[in-house]
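Colleague: Pasted the sequence and its predicted model underneath.
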Amino acid sequence: MMSLGGEDEQSEDYLFKIVLIGDSAVGKSNLLARFARNEFYPNSKSTIGVEFQTQTIDIEGKEIKAQIWDTAGQERFRAVTSAYYRGAVGALVVYDISRRQTFDSIGRWLNELHSHSDMNVVTILVGNKCDLKDAREVSIEEGRVLAEAQGLFFMETSALDSSNVSAAFLTVVKEIYNILSRKVFLSQEQQRVDTRLGDGKTLILQGDGSEPETRIRRWCCSSS
Ligand code: GTP
Ligand code: MG
């Protein structure tokens, strides 16, 4: 479904799979309900198995379909883990700012994410229920420090009062889109270079799996 440029550029359809993970009752299903349908359930039940919803988002005139997957935080209700993570390009790792135990679990969720998906999956750490000011057990600073140490985006949200919910999802979608457009740009540049250099000179692209930006800086010329 996803095409990376070329002749049919106008009709491109992007589909990004994004997963929600985190302990039970941190508010994953309500974040999705708020983002996809602007709804909130004060007494929602634990998710059983896997559900997903698709949201269409417009970025720079391109239609992006964000397919957001939600599963149970509780081990016994979760479906086959590897299938859940397969093909994911984005993740929201959620804890509840009013329950420290859910913040302490973040490391475990990140390990699971990284053992089942690409290391480059765009990830945001989400401290949900920031409306519960009086019950706060995890400070914003602690969230920020952990996110920085792990190289993650970070936001506190409230599915109840809507704070930052769209912003958290859109941060992930936009970053995936940016990485993808840089890759398309680079592969198009490579094709142009391949056709241009028919004069004994070769342009070398040292692809090493590093970030696309660093790769741009490593373009270099040599005689062959
Ligand atoms: P599992 O499906 O068991 O993994 O849980 P979950 O992470 O999907 O949690 P869910 O969305 O079902 O929310 C759990 C409880 O927290 C529900 O009672 C929600 O109403 C409540 N809740 C979710 N988000 C918020 C929030 O931002 N603020 C407050 N105050 N309550 C919330
Ligand atoms: Mg749920």
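Modeller: Arrived safely, thanks for sending. Numbers count the residues shown, from 1 in each chain. Ligands and ions are numbered 1, 2, ... in the order given.

Colleague: ok, the longest helix belonging to the chain near ligand 1 or not?
Modeller: Scanning the chain for the helix with the most residues, using DSSP state H, yields helix 165-196. No: residues of helix 165-196 are not located near ligand 1 by C-beta under 6 Å from any ligand atom, the shortest gap being 8.4 Å. (Each C-beta comes from the backbone N, C-alpha and C, glycine too.)

Colleague: Close to ligand 1: what parts of this protein are there?
Modeller: 24-30, 41-44, 46-47, 72-74, 128-129, 131-132, 158-160.

Colleague: Can you select the buried ones from the residues you listed in ChimeraX?
Modeller: A single ChimeraX command is used to select the members of these judged buried by 16 or more other C-beta atoms under 10 Å:
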select :24,25,26,27,28,29,30,47,72,73,128,129,131,158,159,160
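
Colleague: Y85 contacts L113, doesn't it?
Modeller: Yes: between Y85 and L113 there is a contact under C-beta atoms under 8 Å: 6.8 Å.

Colleague: Now do the buried residues in the longest helix of the chain.
Modeller: For helix 165-196, by 16+ other C-beta under 10 Å, it's 165, 168-173, 175-177, 179-181, 184, 186.

Colleague: Which single one of those is nearest to I140?
Modeller: Among these, A168 lies closest to I140 (C-beta to C-beta), at 14.3 Å.

Colleague: Pull the contacting residues for the closest one.
Modeller: By C-beta atoms under 8 Å, 6 or more residues apart in numbering, the contact set of A168 is L31, L92, I124, V126, M155, T157.

Colleague: tell me which element S29 is part of?
Modeller: Secondary structure from DSSP states H and E places S29 in helix 28-37.

Colleague: Helix 165-196 and that helix, what's the angle between them?
Modeller: 70 degrees (axes from the mean of the first three to the mean of the last three C-alpha atoms, to 10 degrees).

Colleague: now the helices for the protein?
Modeller: Along the chain, counting by DSSP H, helices occupy 28-37, 81-85, 100-104, 106-116, 140-150, 165-196, 212-217.

Colleague: Can you convert these into JSON lines and add a column each for distance to ligand 2?
Modeller: Below are these laid out as JSON lines (distance: least, C-beta to the ion, whole Å):
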{"stretch": "helix 28-37", "distance to ligand 2": "3"}
{"stretch": "helix 81-85", "distance to ligand 2": "13"}
{"stretch": "helix 100-104", "distance to ligand 2": "13"}
{"stretch": "helix 106-116", "distance to ligand 2": "14"}
{"stretch": "helix 140-150", "distance to ligand 2": "21"}
{"stretch": "helix 165-196", "distance to ligand 2": "15"}
{"stretch": "helix 212-217", "distance to ligand 2": "35"}
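
Colleague: Figure out which of those is closest to K62.
Modeller: Closest approach to K62 among the helices of the chain (C-beta to C-beta): helix 165-196, 7.5 Å.
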